[in-house]
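Engineer: Pasting the sequence and the predicted model now:
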Amino acid sequence: MSTPVTKAVIPTAGLGTRFLPATKALPKEMLPVVDKPVIQYVVEEAVRAGLGDVLFVTGRNKNALENHFDRATELEQILHRKGDQTKLHKVEESSDLADVHYVRQGDPKGLGHAVLRSRAHVGDEPFAVLLGDDIIDERDHLLERMLEVQGARSTTVVALMEVPPSQAHLYGIATVEATDEEDVVRVLGLVEKPEPGSAPSNLAIVGRYVLRPEVYGVLERTEPGKGGEIQLTDALLEMARDESVGGVHGVVFRGRRYDTGDRLDYIKANVQLAVERDDIGPGLRSWLREFVPSLEE
């Protein structure tokens, strides 16, 4: 049986240039989706799956992220004196979510390098990697399913989702074969952001991984690939071909995913999550019914 997974690694060293000037002084992970920063949704997902030990791989100018998961004593005292328990609970919630740790990435050498920087903290055990661009709806249980597959098969697991062929060049794309489970496939090949029209399939990796610790040794010898960076995809391809480490499997996800990776999708994510809220959803849906028809005039 595989060692239970207890740790989540969340790379957060990116500069967020697609959101300038908003991210000039604010980490992209702190951009709000409705009323919570993107990164809090990701940490909450890890905690729901039982991963209470969270390591952020950070870069420069990420102090706001660290402060968000720390105590805000003065603010808490003010809210307590005011008797505003609702807002006090929201403030305390983020600081009590998980056992949070930080390590600097240093040189921005890509996702593979960021994962490699977690080695001292993770040690010789499987672990999860969650990218902050993707929010998985709390009603879906993608990470829990990935952990289940990893434990049963003692393998490395990636999250896969069907994307339109016209968007395949934006993702890492997998070539797969079926297994005896409908939502689980064996990964035979991987290519990072293939040239438009050349993708081997429309199954894209969507920012969730459960990795065996052997990935660290592979990453150490992985040469810089696309974009001059150490690509996690390249390391996974080597592991997919290695039966001694259990290969690589994919969980095909057909649930609700909210992409915050570019400006348009970020706005869509805000609307999609806001309309589901009990407090503001009814008002927003009513306004949308009036607003959308006006766009056709």
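Structural biologist: Happy to help now that I have it. Numbers count the residues shown, from 1 in each chain.

Engineer: Show me which helix runs longest in the chain.
Structural biologist: helix 281-294 (DSSP state H).

Engineer: what helices or strands is it leaning on?
Structural biologist: helix 263-274 (3 or more CB pairs under 8 Å, 6 or more residues apart in numbering; DSSP states H and E). For the C-beta atoms, the positions are set from N, CA and C on the backbone; glycine is no exception.

Engineer: Identify the residues contacting the helix it packs on?
Structural biologist: Helix 263-274 is contacted by residues 18-19, 31, 33-34, 135, 256, 258-260, 280-281, 284, 288 when judged by CB atoms under 8 Å, 6 or more residues apart in numbering.

Engineer: Using JSON lines, lay out those together with neighbour count and secondary structure.
Structural biologist: Below are the contacts of helix 263-274 laid out as JSON lines (neighbours: other CB atoms under 10 Å; DSSP: H, G, I helix; E, B strand; the rest coil):
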{"residue": "Arg18", "neighbour count": "13", "secondary structure": "helix"}
{"residue": "Phe19", "neighbour count": "17", "secondary structure": "helix"}
{"residue": "Leu31", "neighbour count": "18", "secondary structure": "coil"}
{"residue": "Val33", "neighbour count": "20", "secondary structure": "strand"}
{"residue": "Val34", "neighbour count": "16", "secondary structure": "coil"}
{"residue": "Ile135", "neighbour count": "24", "secondary structure": "strand"}
{"residue": "Arg256", "neighbour count": "15", "secondary structure": "coil"}
{"residue": "Tyr258", "neighbour count": "20", "secondary structure": "strand"}
{"residue": "Asp259", "neighbour count": "17", "secondary structure": "strand"}
{"residue": "Thr260", "neighbour count": "23", "secondary structure": "coil"}
{"residue": "Ile280", "neighbour count": "13", "secondary structure": "coil"}
{"residue": "Gly281", "neighbour count": "13", "secondary structure": "helix"}
{"residue": "Leu284", "neighbour count": "18", "secondary structure": "helix"}
{"residue": "Leu288", "neighbour count": "13", "secondary structure": "helix"}
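
Engineer: Next, format those residues as CSV and append distance to Leu273 and pLDDT.
Structural biologist: Formatted as CSV, the contacts of helix 263-274 follow (distance: CB to CB, whole Å; pLDDT from 0 to 100):
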residue, distance to Leu273, pLDDT
Arg18, 20, 89
Phe19, 18, 90
Leu31, 13, 93
Val33, 6, 95
Val34, 6, 94
Ile135, 8, 93
Arg256, 9, 91
Tyr258, 6, 90
Asp259, 12, 87
Thr260, 10, 90
Ile280, 10, 95
Gly281, 9, 95
Leu284, 10, 97
Leu288, 14, 95
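
Engineer: quick check, nearest of those residues to Pro4?
Structural biologist: Closest approach between the contacts of helix 263-274 and Pro4, by CB to CB: Ile135, at 25.2 Å.

Engineer: which residues pair with that closest one across the strands?
Structural biologist: Under DSSP bridges, the beta-bridge partners of Ile135 are Tyr258.

Engineer: measure the closest residue to Lys28 other than its chain neighbours to Glu44 for me?
Structural biologist: With sequence-adjacent residues excluded and distances taken as CB to CB, 6 or more residues apart in numbering, Lys28 is closest to Gly16, at 2.8 Å. According to CB to CB, to the nearest Å, Gly16 stands 21 Å off from Glu44.

Engineer: Check Leu143 too.
Structural biologist: Leu143 is 11 Å from Glu44, where distance means CB to CB.

Engineer: Specify which residue of these two has the higher count of neighbours.
Structural biologist: When neighbours are counted by other CB atoms under 10 Å, Leu143 and Glu44 differ, and Leu143 comes out ahead with 26 against 17.
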